[in-house]
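S.K.: build the 3D model from these lines:
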Amino acid sequence: MLNVGAISEGFVLDHIQAGKSMEIYKYLQLDRLDCCVAIIKNARSSKMGKKDILKVECPIDFLDLDILGFLDPNITVNIIRDEKVIEKKKLQLPAEVKNIIKCKNPRCITSIEQGLPHVFVLTDMEKRVYRCRYCEEKHRW
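M.R.: Numbers count the residues shown, from 1 in each chain. Alright, predicted model coming up:
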């Protein structure tokens, strides 16, 4: 049995799809923070079979919930203070995401104007379809 110690203040990302924790680590830019991060891959889960878990010991202010909601709205965010879960947050698909994905359309204005942000808007919640704000190019998962 693997035992990862409790954290005094921070957050725990639970119910991450097995094998996706490193991708989330990268998107949240956790490597740039000077804090303790524990990545648990392929943990047993009665609900999911296998899951990943991220434990981060730093204030929740550093967490971008839009990125998490975009990557996987099924992730649960547990906020920890004094080694206790004080709040659980459920994620939702964000209505808009900026600079998380890049438009693949070579004719899009974002290909020409390098400083322009890549903005995608949620157009179909059920199918998780996002489209580029500028050219309507559909994001492919």
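S.K.: tell me where this protein has helices.
M.R.: Ranges of helices in the chain, per DSSP state H, are 21-27, 65-71, 109-112.
S.K.: what comes into contact with the second one?
M.R.: The set of residues external to helix 65-71 that reach it, using CB atoms under 8 Å, 6 or more residues apart in numbering, is 13, 20, 23-24, 27-28, 75, 77, 89, 91-94, 97, 100, 130. C-beta coordinates here come from the backbone N, C-alpha and C atoms, glycine included.
S.K.: which of those residues are buried?
M.R.: Neighbour counting over the contacts of helix 65-71 (16 or more other CB atoms under 10 Å) leaves 13, 20, 24, 28, 75, 77, 89, 91, 93-94, 97, 100, 130 as the buried ones.
S.K.: want to throw the helices of the chain into JSON lines with mean pLDDT and distance to Arg81?
M.R.: Putting the helices of the chain into JSON lines (pLDDT from 0 to 100; distance: least, CB to CB, whole Å) gives the following:
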{"stretch": "helix 21-27", "mean pLDDT": "91", "distance to Arg81": "22"}
{"stretch": "helix 65-71", "mean pLDDT": "88", "distance to Arg81": "18"}
{"stretch": "helix 109-112", "mean pLDDT": "92", "distance to Arg81": "40"}
